[in-house]
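> give me the fold of what follows.
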Amino acid sequence: MKTYVLRRLLQTIPLLVGISALSFILLQMAPGDFLNQMAENPAISPATIDAMRRNFGLDQPWYVQYGMYLRNILLHFDFGESFSRHQPVFTVIREGLANTLLLAGAAALVTWGLAVPLGVLAAVRQYSWVDKTLSLIAFVWLSVPEILSGLLLLMLAARTGWFPVGGMHSIDYDSLSPLGKARDLAWHLALPALVVGLVPLAGRMRQMRGSLLDVLRLDYVTTARSKGLDEGVVIYKHALRNALNPMITLFGYTLGALVSGSFVAEIIFSWPGLGRITLDAILTQDQYLVMGSVLMASVVLILGNLIADILLAIADPRISYD
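Numbering: from 1, shown residues only. This next block holds a predicted model:
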């Protein structure tokens, strides 16, 4: 297992280099740059713009800029400096990444905490009114865009006052007790986590239902029933564990989808995460901040897939990566 994990980690290096190269080329294809926007300010002289262009290295060809950027990352773990914030990129995205991971983690609890038991319930009650109702809800929710669900929940919060309409903390957050701070954070986190978590929930619930139905038709389940075992023991002890294997495989992809899906919810609910930082960086053409945000999101997706493979090996003793 250690050799497999090390090999997977080494394979991420050329993958991240390819992602960074593609992102850098796309940014270079966009018209203008950060300093072109500053040049529109009459208070900033052309000499100042030229000096900043030389300091930022923007007067060099794109391949020279990318070579310097890649060298600084590999040799010094330096992601460059944000043009607009005048801070190291890693310093800017560190807090935003933590907030995005918090939102994605809460959304994952919503997705998997509901998808697995609801999928099992639908499979056990196949063709009953429970199964048909859950299937109808799943099909309806699959057709609702994430941005629409976010706006609907935002309107609900604005009209009822049950939840805050944006932000991560209340105004008096610093004066609250530790328990009060946790409650306040959970209060602000509820709606964004629902928006992000409910999007993949319908699909994962249907996949859990189909996976368990396939396992329940296997011979060893029929044998367990013929021995007189309780139906609950047959389902939850014998069938469910094997039915979870495909879901574990999907865990890594879901984690990446939750991180990318968090970007939309962060903008709608003003959540101070990586999505808002990336959007602001794109609007200001802060290329190194955009690059850092893209690489961090890619690392999360890659690690999610690796975690899924490890969990799959733990859950199924038949799988070995040695």
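
> give me the most central residue, this protein.
Centroid check for the chain by C-alpha atoms, centre = their mean gives residue 259 as the closest residue, at 1.1 Å.

> residues in contact with that residue?
100, 101, 104, 274, 297, 300, 301 (C-beta atoms under 8 Å, 6 or more residues apart in numbering). C-betas here are computed from N, CA, C, even on glycine.

> could you check which helix or strand contains it?
Assigned by DSSP states H and E, residue 259 belongs to helix 240-268.

> quick check: next helix or strand after that helix?
Downstream of helix 240-268 (by DSSP H and E), the next one is helix 274-284.

> pLDDT below threshold where in the stretch 1-150 of the chain?
Residues of the stretch 1-150 of the chain meeting the criterion pLDDT under 70: 1, 4, 32-45, 48-49, 52-53, 55-59.

> all helices for it, in order.
2-29, 34-39, 46-56, 62-76, 89-124, 129-142, 146-160 (DSSP state H, counting those that start in this stretch).

> before we move on, the earlier item: state the distance from the residue nearest to the centre of the chain to residue 302.
11 Å (C-beta to C-beta, to the nearest Å).

> about what we covered before: relative to residue 242, which of the helices of the stretch 1-150 of the chain is closest?
helix 89-124 (12.9 Å; C-beta to C-beta).

> buried residues, the closest one. List them.
89, 92-93, 96-97, 99-104, 106-108, 110-112, 114-116, 118-124 (16 or more other C-beta atoms under 10 Å).

> could you do stretch 12-25 as well?
Across stretch 12-25, burial judged by 16+ other C-beta under 10 Å covers 12, 16, 19, 20, 23, 24.

> of all these, which comes closest to residue 135?
Residue 135 lies nearest to residue 19 out of those, by C-beta to C-beta, at 37.8 Å.

> can you pull the contacts of the closest one?
Contacts of residue 19 by C-beta under 8 Å, 6+ apart are 294, 295, 298.

> equivalent analysis for residue 191, please.
Counted by C-beta under 8 Å, 6+ apart, residue 191 has contacts 153, 154, 157, 163, 269.

> if I look at the last one, how far off is residue 26?
Taking C-beta to C-beta as the measure, residue 269 falls 28 Å from residue 26.

> looking at these two, which has the bigger crowd around it?
When residue 269 is set against residue 26 and neighbours are counted by other C-beta atoms under 10 Å, the residue ahead is residue 269, at 26 against 11.

> surely that one touches residue 190?
No. If you go by C-beta atoms under 8 Å, residue 269 and residue 190 don't touch, sitting 10.1 Å apart.

> the longest helix seen in the chain: what's the following helix or strand?
The longest helix of the chain (DSSP state H) is helix 178-216. Using DSSP H and E, the helix or strand that follows helix 178-216 in sequence is helix 219-226.

> that following helix vs helix 178-216, what angle?
If you take axes from the mean of the first three to the mean of the last three C-alpha atoms, to 10 degrees, helix 219-226 sits at 90 degrees to helix 178-216.

> what sits up against helix 219-226?
215, 231, 233, 234, 238, 239.

> mind listing what's buried along it?
221, 224.

> could you export it as PDB, CA atoms only?
Coordinates of each C-alpha in helix 219-226 appear next as PDB, following Å, rounded to 0.1, in the frame of the first residue of the first chain:
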ATOM      1  CA  ASP A 219     -26.500 -16.200  -4.900                       C
ATOM      2  CA  TYR A 220     -24.800 -15.700  -1.500                       C
ATOM      3  CA  VAL A 221     -27.700 -13.400  -0.400                       C
ATOM      4  CA  THR A 222     -30.200 -16.100  -1.500                       C
ATOM      5  CA  THR A 223     -28.200 -18.600   0.500                       C
ATOM      6  CA  ALA A 224     -28.200 -16.400   3.600                       C
ATOM      7  CA  ARG A 225     -32.000 -16.000   3.400                       C
ATOM      8  CA  SER A 226     -32.400 -19.800   2.900                       C
END
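
> can you redo the contacts of residue 191 as JSON lines with pLDDT?
Converted to JSON lines, those look like this (pLDDT from 0 to 100):
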{"residue": "153", "pLDDT": "82"}
{"residue": "154", "pLDDT": "82"}
{"residue": "157", "pLDDT": "83"}
{"residue": "163", "pLDDT": "84"}
{"residue": "269", "pLDDT": "83"}
